[in-house]
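# starting from these lines, generate the structure:
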Amino acid sequence: MQRFVGSAAAATAAIAAFATITYAIPPAAVPDLIWYRFDEPAGSTTTRNFAVPGAGFPNAPVNGHQLGGGVLTSIGGSSTSNFVDTGWDGATGSNSFSVYFEVQNPAVGNATLEYFFGNASVGQRAFDDGVAGDTGIGFRFGGGNFATAFGATTPGSSHEVAFVFDTTTDQGFAYVDGLLVDTIGGLTTVNVTAGLLKVGGYSSLTAMQAGTQLNDFRVYGRALAASELIPEPASLAALLAPALLALRPRRRR
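All right, here's what the predicted structure looks like:
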């Protein structure tokens, strides 16, 4: 009996630990346009593009923002001088595309309109605050309608965020931690023309809030399927299996 009680306590602790951590799983497919892992050492001034075949610079210049610890950390300020220069014009025409990234938010938020990435040629941009709300990230797929990743910028939180534009259904989708949180239509006028895709900023406007951290930034030249964005429950069984096994009474010998 004592063994069982001890095992139950261990299982309870494991379940409690699980409840505090996000286990959404990144897409398995390798991106074809942009893939920044931001795993360069502190002080590096470029970040490698791991996408295959990739678009823009193989090693993108990092202006202002800081690398280190496996993330890109924002210093805030103007996007004129603080951004990752993809070296890619960002043009996807009227084709489907998807953007995926991980974000760690500062402990204290603000109400300032700030930008995570974008291509100013047609006003395509991702931003927080404003019409996205205090804790959401809005993404204008081509300068017009936008989808919102609700809760993605809650102070002190970390999330996996994805925006998907599917031309076959004329819809835009927002996912947070693998879960679909917003769907919009009426995107037939989207035609993303050549400009410059910036990461960590947009045009000459305010860059991400200082202290915001990005990781695993990806751009696909297609619409990711919902099945490729795996939410927390998909990991639940595997994660709880050891805890459930621990609860099983042991045979006496």
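
# need the helices for the stretch 151-253 of the chain, in chain order.
233-247 (DSSP state H, counting those that start in this stretch).

# in it, which ranges drop under the pLDDT threshold?
Applying pLDDT under 70 to the stretch 151-253 of the chain flags the ranges 188-189, 191, 232-253.

# ok, Val164 touching Phe173?
Yes - counting by C-beta atoms under 8 Å, Val164 sits close enough to Phe173 to count as a contact (4.4 Å). Quick note: C-beta positions are derived from backbone N, CA and C, even for glycine.

# the two: which has the busier surroundings?
Neighbours were tallied for Val164 and for Phe173 using other C-beta atoms under 10 Å; the higher tally belongs to Val164 (27 against 23).

# would you mind naming the residues that bridge with Val84?
Val62, Val199 (DSSP bridges).

# ok, it - how many residues close by?
For Val84, the neighbour count with other C-beta under 10 Å is 29.

# contacting residues around it?
Each residue near Val84 by C-beta atoms under 8 Å, 6 or more residues apart in numbering is listed here: 36, 47, 60-63, 65, 72, 198-200.

# relative to Asp134, how far out is it?
25 Å (C-beta to C-beta, to the nearest Å).

# Pro53 now?
Pro53 is 39 Å from Asp134, by C-beta to C-beta.

# ok, now Gly64?
On the measure of C-beta to C-beta, Gly64 and Asp134 end up 25 Å apart.

# likewise Val161?
For Val161, the distance to Asp134 - C-beta to C-beta - is 16 Å.

# now do Thr46
According to C-beta to C-beta, Thr46 and Asp134 sit 34 Å apart.

# same check on Ala111?
Distance from Ala111 to Asp134, counting by C-beta to C-beta: 6 Å.

# quick one: which of these two has more around it?
Asp134 (13 against 9).

# I figured that one hits Thr112, correct?
No - judged on C-beta under 8 Å, Asp134 makes no contact with Thr112 at a distance of 10.5 Å.

# one step back: can you say which of the contacts of Val84 are buried?
With neighbours counted by 16 or more other C-beta atoms under 10 Å, these contain buried members at 36, 47, 60, 62-63, 65, 72, 198-200.

# now those residues as CSV including distance to Val30?
Below are the buried ones among the contacts of Val84 laid out as CSV (distance: C-beta to C-beta, whole Å):
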residue, distance to Val30
Tyr36, 13
Thr47, 17
Ala60, 17
Val62, 22
Asn63, 26
His65, 24
Leu72, 20
Lys198, 23
Val199, 18
Gly200, 22
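
# and of those, the nearest to Arg140?
Closest to Arg140 out of the buried ones among the contacts of Val84 is Lys198 (14.4 Å), distances taken as C-beta to C-beta.

# tell me which residues touch that closest one, please.
Residues in contact with Lys198, defined by C-beta under 8 Å, 6+ apart, are 79, 83-86, 117-120.
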